[in-house]
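Visitor: Fold the following and give me the result.
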Amino acid sequence: MDLRSELLKSIWYGFTALDLEKSGKVSKSQLKVLSHNLCTVLSIPHDPVALEEHFRDDDDGPVSSQGYMPYLNKYILDKVVEGSFNKENVDELCWTLTAKKNYQTDKNSSTVLPEKDAFRLWCLFNFLSEDKYPLVMVPDEVEYLLKKVCMAMSTEFNCVELEDFFSQDSVQQSGITVWVFLEMMNSGKITRGMDKSIISMAIEEVYREIVGDVLKEGYLWKKGQLRRNWKERWFTLRPSNLSYYTGEDRKDCQGNIALDGNCCVEEVDDDQILFGRSKWIKNILFPVLPDRDGKRCMFCLKTLSKTYEMSASDTKQRQEWTTAIQTAIRLHVEGKTSLHKDLKLKRREQREQREKRRQAKEEELQRLRALQEERERKLAELELLKEAQKQAQALLEQDEQRRRQQHEQLQQALEVQLREAQEARVSMQAEMALKEEEAERQRKRIQELEEMQKRLEEALQQEIKARLDEEAFRYAQAGLLAEEEEKMKALMSLQEEQEEYILKTQREKQELKQEMDAKSRALEEAQKQLEEVRANRHRVDQDVVAAQRKLRQASTNVKHWNVQMNRLMRPIGPGEKRPSLGSSFSSFQIPTQRDPGLRLRRRSGSEDKDEESKENVDNSVGCDIEKRHSHASNGDMDIP
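Guide: Purely as a prediction, here's the structure:
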């Protein structure tokens, strides 16, 4: 059983305590408080935003156990680090939640266990309960726990009342819950006549042994490593370490010895103490004291770094301590963290084996009962057969007597017939000669019949062979007919598929024909549009030629007027009169609005620049014409 399973058992009690209506659902506010307290006792950071994100407002209804379990695993249990927290704090938190609802103490009653003892019994119950929910403890585990408590109290376990309690059908079928167990302990039937302090000490001892993984506790004398003096210490042995304290209260820890596979424990004999070699004499010269000092029952615990020398009160205690330490080392080597977990698994395996043996025994008993019933039935049949045999014997005796009477009567009749036969013998001899002749004839006839029978047998064999051949031919013919029928079915299916394919092809052909007609109509329309475009292009070409002609004429006029302007535009001096041509020239305006590419030059420009401007104008016009031609060829040009 791992740490997660142990924690889930305690948390399950806390969750069910918050489920007041026993519906498997708890409100979100209570889950927030539970999650925060669990994070606190488990020493992990609490993320309140994660709970709000996990259970948003759009969830249907209150938060259920199925809805809280993923959050518990992901945000709490997955972050738990073993050894970073005290599990007893987790158990106390969950016990506080569940005890308020299920366990009420009565201070005035003398039979009620104190709450601390009830808490320890609750922890012991969780440890020994089955790994399924709701948590119950089987009667064998209850008996084991009560025996441990009685052994700690040094009393004999009385199992009479416990057997009466286990005999109930509800207990045998579903097991015992923790509250029924605590109620049974509070009744005083198990601890009748015992003092409460003794019961508390016994429960604490069993709690520390089973839940706290304490293999053994007690006082031992320990020899110091530096001062080499003996001091009495309280030792606590667990599967992983051996700790020692100044007192039984375990408040002041003086040291901790880690146990692993490299450790070993050895007992030191008294003779070895008295007559050992120099090393032992140096180490334990002073501890060789009389028996009253308790230093004679020594043993050593050896580790890789140190050797610890200890002494028990007597030989029995030394043997118990060495056995317990060897058990702890063995558990550590085997990778087991708890002796009682291992014992619990072994007891569970033994119960399963007992259950299997019980089932096998029941099956064997049922089989024996069936065999017994069968044996009784056969015995009854045998009695009937014996009775029938007796009746048959009586009938046989009657038949024998009747046969004897008939035999006597027959013998008398035979004697009479014999006399008659002797008389007839003479006549018979005469007839025998005649019969022999007749027999000879019959013998020849028989030979002929035998030959005829042989021929008939041969003919019959041939007929049988012919019928077998005919039957084989009929089987072959039936096979051919069946094959022909299958091929006919396949041919019919192929013919149906062919007809469907022909119909499908015809439909596709019609669709293709319609599509070709539509495409031909579209092609005709496109040809008409192309002819219109070509006509438009022809008209545009004519317009372009006319425009080029007008452009050349306009450029000639512009060149002419530029020359005239260059001649006429001169600076006028003071007192000079304008020529008479100026009036006629002033009314002339250059046609610059026809083509934006044409512009006048000042007088400082030369005629070469005028030629260059003319060429630029021609090039721009040519580019416009080419663009119009390209648009006309693509069918995108706007027709004026």
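
Visitor: Quick one: neighbours of Lys100, just the number.
Guide: 10 (other Cβ atoms under 10 Å). C-beta: built from backbone N, CA, C; applies to glycine.

Visitor: element containing it, please.
Guide: Using DSSP states H and E, Lys100 maps to helix 87-102.

Visitor: Repeat that for Gln553.
Guide: Judged by DSSP H and E, Gln553 forms part of helix 339-568.

Visitor: Averaged pLDDT, that helix. What do you get?
Guide: Mean pLDDT, computed over helix 339-568, is 89.

Visitor: Can you name every helix or strand that it contacts?
Guide: Using 3 or more Cβ pairs under 8 Å, 6 or more residues apart in numbering; DSSP states H and E, the elements in contact with helix 339-568 are helix 115-128, helix 139-152, helix 315-333, helix 581-586, helix 607-634.

Visitor: comparing those helices, which gets the lowest mean pLDDT score?
Guide: Mean pLDDT is lowest for helix 581-586 out of the helices and strands packed on helix 339-568, coming in at a mean of 41.

Visitor: State the pLDDT value of the nearest residue to Trp321 once chain neighbours are set aside.
Guide: In this structure, Trp321 finds its nearest non-sequential neighbour in Ala312, 5.8 Å apart by Cβ to Cβ, 6 or more residues apart in numbering. On pLDDT, Ala312 comes in at 89.

Visitor: show me what contacts Ala312?
Guide: For Ala312, the contact set (Cβ atoms under 8 Å, 6 or more residues apart in numbering) comprises Leu220, Trp221, Gly294, Cys297, Met298, Phe299, Arg318, Trp321.

Visitor: Please repeat the previous calculation with a cut-off of 6 Å.
Guide: Leu220, Cys297, Arg318, Trp321 (Cβ atoms under 6 Å, 6 or more residues apart in numbering).

Visitor: what's around the second one, how many residues?
Guide: This points to Cys297. Using other Cβ under 10 Å: Cys297 sits among 22 other residues.

Visitor: Report the contact partners of it.
Guide: Counted by Cβ under 6 Å, 6+ apart, Cys297 has contacts Ser311, Ala312, Asp314, Thr315, Arg318.

Visitor: Any of those residues buried? List them.
Guide: Among these, those classed as buried by 16 or more other Cβ atoms under 10 Å are Ser311, Ala312, Arg318.

Visitor: would you turn those residues into CSV with distance to Gln495?
Guide: CSV is the format used below for these (distance: Cβ to Cβ, whole Å):
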residue, distance to Gln495
Ser311, 108
Ala312, 105
Arg318, 103
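
Visitor: Apart from its neighbours in sequence, what residue is nearest the residue nearest to the spatial centre of the chain?
Guide: Central residue check for the chain by Cα atoms, centre = their mean: the C-alpha nearest the mean position is that of Pro70, 16.1 Å away. Spatially, and ignoring its direct neighbours in sequence, Pro70 is nearest to His54 (7.5 Å; Cβ to Cβ, 6+ apart).

Visitor: What count of nearby residues applies to that neighbour?
Guide: As a burial measure, His54 scores 20 neighbours (other Cβ under 10 Å).

Visitor: List the contacts of Gly14.
Guide: Per Cβ under 6 Å, 6+ apart, neighbours of Gly14: Cys94, Leu97.

Visitor: let's go with 7 Å and repeat that
Guide: Contact analysis of Gly14 by Cβ atoms under 7 Å, 6 or more residues apart in numbering lists Leu34, Leu93, Cys94, Leu97, Thr98.

Visitor: So the last one sits against Ala17, correct?
Guide: Yes - proximity of Thr98 to Ala17 meets the contact threshold set by Cβ atoms under 7 Å, at 4.1 Å.

Visitor: Just to check, the residue nearest to Pro70 is in contact with Leu72?
Guide: No - with contact defined as Cβ under 7 Å, His54 does not reach Leu72; the gap is 10.0 Å.

Visitor: would Glu267 count as being in a strand?
Guide: Yes - per DSSP: H, G, I helix; E, B strand; the rest coil, Glu267 lies within a strand segment.

Visitor: hey, what's it bridged with?
Guide: Beta bridges link Glu267 to Phe299 when assigned by DSSP bridges.

Visitor: In JSON lines: the contacts of Gly14, plus pLDDT, distance to Asp541 and neighbour count.
Guide: Below are these laid out as JSON lines (pLDDT from 0 to 100; distance: Cβ to Cβ, whole Å; neighbours: other Cβ atoms under 10 Å):
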{"residue": "Leu34", "pLDDT": "84", "distance to Asp541": "94", "neighbour count": "22"}
{"residue": "Leu93", "pLDDT": "87", "distance to Asp541": "101", "neighbour count": "19"}
{"residue": "Cys94", "pLDDT": "88", "distance to Asp541": "102", "neighbour count": "27"}
{"residue": "Leu97", "pLDDT": "85", "distance to Asp541": "102", "neighbour count": "22"}
{"residue": "Thr98", "pLDDT": "86", "distance to Asp541": "104", "neighbour count": "21"}
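
Visitor: Just the closest of the residues you listed to Arg228, please.
Guide: Nearest to Arg228 among the contacts of Gly14: Leu93, at 46.8 Å, using Cβ to Cβ.

Visitor: got the contact list for that closest one?
Guide: Shown in contact with Leu93 (Cβ under 7 Å, 6+ apart): Gly14, Asn37, Val41.

Visitor: Now with 6 Å, please.
Guide: Leu93 makes contact with Asn37, Val41 under the criterion Cβ under 6 Å, 6+ apart.

Visitor: And it, how far from Val41?
Guide: 5 Å (Cβ to Cβ, to the nearest Å).

Visitor: What of Asp2?
Guide: Taken as Cβ to Cβ, the span from Asp2 to Val41 is 18 Å.

Visitor: Please say which of these two ends up with more neighbours.
Guide: Each of Asp2 and Val41 has its neighbours counted (other Cβ under 10 Å); Val41 has more, 17 against 10.

Visitor: can I assume that one is in contact with Asn89?
Guide: Yes - at 4.4 Å, Val41 and Asn89 qualify as touching, with contact defined as Cβ atoms under 6 Å.

Visitor: Just want the phi and psi numbers for Asp131.
Guide: phi -90, psi 50 (degrees, to the nearest 10).

Visitor: If you could redo that for Thr236, that was the one I meant.
Guide: phi -130, psi 120.

Visitor: For it, name its beta-bridge partners.
Guide: Following DSSP bridges, Thr236 is listed with bridge partners Glu217, Ser243.

Visitor: Now do the SS call for Gln254.
Guide: Going by three-state DSSP: Gln254 is strand.

Visitor: neighbours around Glu52, how many?
Guide: Neighbours of Glu52 (other Cβ under 10 Å): 12.

Visitor: where's it, which helix or strand?
Guide: Going by DSSP H and E, Glu52 is part of helix 48-54.

Visitor: Work out the gap between that helix and the centre of the chain.
Guide: 28 Å (Cα atoms, centre = their mean, to the nearest Å).

Visitor: what's in contact with it?
Guide: By Cβ under 6 Å, 6+ apart, helix 48-54 touches Lys32, Ser35, Tyr71, Tyr75.

Visitor: so where is the stretch 201-350 of the chain shaky, pLDDT-wise?
Guide: Along the stretch 201-350 of the chain, segments meeting pLDDT under 70 span 269-295.

Visitor: same check, this time on the stretch 51-200 of the chain
Guide: In the stretch 51-200 of the chain (pLDDT under 70), the answer is 56-66, 105-112, 158-174, 191-193.

Visitor: Tell me the spacing between the residue nearest to Asp314 when sequence neighbours are not counted and Glu248.
Guide: Excluding the flanking residues, the one nearest Asp314 by Cβ to Cβ, 6+ apart is Cys297, at 5.9 Å. Between Cys297 and Glu248 the distance is 20 Å, computed by Cβ to Cβ.

Visitor: In contact with Leu38, which residues?
Guide: Leu38 neighbours (Cβ under 6 Å, 6+ apart): Ile76.

Visitor: ok but it is inside a strand, no?
Guide: No - with three-state DSSP as the criterion, Leu38 is helix rather than part of a strand.

Visitor: Near the nearest residue to Thr303 once chain neighbours are set aside, how many other residues are there?
Guide: Leaving aside its sequence neighbours, Thr303 sits nearest to Cys263 (Cβ to Cβ, 6+ apart; 5.1 Å). For Cys263, the count of nearby residues is 20 (other Cβ under 10 Å).
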